[in-house]
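**Q** Structure for this input, please:
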Amino acid sequence: MGAGTLALVLATLAWLLVAGAHVRERYPVWFWYLTGYPLTALRVVRTWRKVAQLNDLAVSPRPSRGLVGDLVVKGEALRPIAPRTSFPKATRAGLSVVVRLHPGQTPAPFISAADALAHAWRVHAVRVTSPERGLVHLVATAGDPLKRPGLASAPAVLLSALIGILESGGAWVMNLRQVPHWLIVGATQSGKSTLLARLVAQLARQPVALVGIDCKGGMELGLFEYRLSGLATNRREAVAVLGALVEEMNARMEICRMEGVRSIWDLPDKLRPVPIVVIVDELAELYLSDGTREGKVEVERCSTLLLRIAQLGATLGLHLAVAGQRVGSDLGSGVTALRAQLSGRICHRVNDPGTAEMTLGDLNKDAVAVAQSITSEEKGVAVCTTADGGWGRARSHLTTIEEARKATSAYAHLTPELLRVRRALLMAGAGGESA
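**A** Down below sits the predicted model:
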């Protein structure tokens, strides 16, 4: 090979490396389809039988014990056969494989072998699900999309907020029409406030009413006051606002009854009232009593009104997004009853295992363990429920408070006036001053 030819080859290789780095940076999905997927799929096909045998996923057609006369002879199983698999199918963030189980097999050994599969296939993680009896679905993610959370595309839908990205690489969307009420927990600096800012910024541009309850004097939600139809900054005002919302809910019930429908979404456009999203920041402040009789009455009243909205609000256009640093049964039975009505769950890093258990324990024990493994460096990372009833890790897009304030100011003209809420706040404020 001449010097000119060698220089040309080296220049071509250098160009390919630069072009490949550019494609990987700008178009990671296409880079994965063109380079990563073929190699990983080949690795899955080549290693499947050996990995299955090493992790007890293969089954011998003959028993490991046999009768010789009156003796039971024990030996090694002969010719273990790995379950049949489909050819690896490419996804945006990895690949998926469907495994057809042998008679008598269960998904449990595959769940235990998930880490071993990830190491053998050189991927970030392998998730195991069983969509139907006799089948196991293995979903491998090539890298960790949560390290650099971008925003996947999602259609603009009323009461739907694009929050960030799922571990699978798909869009993380909070759709209040599909999942009407949400519980959001997280310790300080875990990403909870950033997620609330993102939620408010996304809903601010839609024809919906936003009502805030922030019993820390409005320090958090008060930043978005231009776009809020009402803001309660203490428990007295919270009781008044929640009572007004229940009155609004009863009025909507009457409209639906008169029109012969079961939901405001079945009403004609001219009769349909505006949807209302109630955002509660720091739930514990509503349930912690100061020991006085008045304080206990306010706590009981808050608990009853929140539970009523959670039970009946979905079909009447009232939705809850309840957030807090700590949510536990020690706050009272009302919290446990409310938790049961909040089918959407988001758990960031928390300071105590009880909060993770309270948030995710009634859904999936594995999700609790994953939530507790979130480190302080993984800000914005959370375990969340998905629309299909499952769960997964996700990360919210970084929306600063300033960006959220600009968004709420830009769409302040869309703020609907809720007369009942406004009147209740005025009366609560007058009552506090006279007291």
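
**Q** Find the least confident helix or strand in this structure, judged by mean pLDDT.
**A** Lowest by mean pLDDT, DSSP states H and E among the helices and strands of the chain is strand 65-68, with a mean of 57.

**Q** Three-state assignment for residue 229, please.
**A** Using DSSP: H, G, I helix; E, B strand; the rest coil, the structure places residue 229 in strand.

**Q** Correct me if wrong: residue 140 contacts residue 120.
**A** No. Applying C-beta atoms under 8 Å, one finds residue 140 not in contact with residue 120, separated by 10.4 Å. In this view, the C-beta of every residue, glycine as well, is placed from N, C-alpha and C.

**Q** how many neighbours does the residue lying closest to residue 159 once chain neighbours are set aside have?
**A** Nearest residue to residue 159 in three dimensions, chain neighbours excluded: residue 176, at 4.0 Å (C-beta to C-beta, 6 or more residues apart in numbering). Using other C-beta atoms under 10 Å, residue 176 has 24 other residues around it.

**Q** again, but for residue 401
**A** 15.

**Q** Okay, it and residue 203: tell me how far apart.
**A** To residue 203, residue 401 is 16 Å away according to C-beta to C-beta, to the nearest Å.

**Q** Tell me who's in contact with the nearest residue to residue 187 once chain neighbours are set aside.
**A** Excluding the flanking residues, the one nearest residue 187 by C-beta to C-beta, 6+ apart is residue 351, at 4.7 Å. Contact partners of residue 351, counting by C-beta atoms under 8 Å, 6 or more residues apart in numbering, are 187, 325, 326.

**Q** Now the residue nearest to the spatial centre of the chain, what are its backbone angles?
**A** Centroid-nearest residue in the chain: residue 384, 2.6 Å away (criterion: C-alpha atoms, centre = their mean). Dihedral pair for residue 384: phi -130, psi 160, per degrees, to the nearest 10.

**Q** bridging residues for it?
**A** Residues in a beta bridge with residue 384, per DSSP bridges, are residue 346, residue 392.

**Q** Pretty sure residue 259 sits against residue 271.
**A** Yes. Between residue 259 and residue 271 there is a contact at 6.7 Å, judged by C-beta under 8 Å.

**Q** In a strand, the residue nearest to residue 187, correct?
**A** No. Looking at residue 351 with three-state DSSP, it is coil, so not inside a strand.

**Q** I'd like to know how far it sits from residue 376.
**A** In this view, residue 351 and residue 376 are 10 Å apart by C-beta to C-beta.

**Q** now swap in residue 218 and tell me
**A** 27 Å.

**Q** the more surrounded of these two?
**A** A count of neighbours by other C-beta under 10 Å puts residue 218 above the other of residue 218 and residue 376, at 20 against 9.

**Q** and the closest residue to that one other than its chain neighbours, what is it in contact with?
**A** Of all residues not flanking residue 218 in the chain, residue 233 sits nearest, at 3.9 Å (C-beta to C-beta, 6+ apart). Neighbour list for residue 233: 214, 215, 216, 217, 218, 222 [criterion: C-beta under 8 Å, 6+ apart].

**Q** got the residue ranges for the helices in the protein?
**A** Under the criterion DSSP state H, helices of the chain are mapped to 3-26, 28-31, 37-54, 108-112, 114-121, 192-204, 235-259, 284-287, 293-312, 333-341, 353-360, 365-372, 401-410, 419-434.

**Q** can you list these in JSON lines and add distance to residue 166?
**A** Below are the helices of the chain laid out as JSON lines (distance: least, C-beta to C-beta, whole Å):
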{"stretch": "helix 3-26", "distance to residue 166": "21"}
{"stretch": "helix 28-31", "distance to residue 166": "14"}
{"stretch": "helix 37-54", "distance to residue 166": "19"}
{"stretch": "helix 108-112", "distance to residue 166": "20"}
{"stretch": "helix 114-121", "distance to residue 166": "18"}
{"stretch": "helix 192-204", "distance to residue 166": "14"}
{"stretch": "helix 235-259", "distance to residue 166": "32"}
{"stretch": "helix 284-287", "distance to residue 166": "29"}
{"stretch": "helix 293-312", "distance to residue 166": "26"}
{"stretch": "helix 333-341", "distance to residue 166": "23"}
{"stretch": "helix 353-360", "distance to residue 166": "16"}
{"stretch": "helix 365-372", "distance to residue 166": "13"}
{"stretch": "helix 401-410", "distance to residue 166": "22"}
{"stretch": "helix 419-434", "distance to residue 166": "35"}
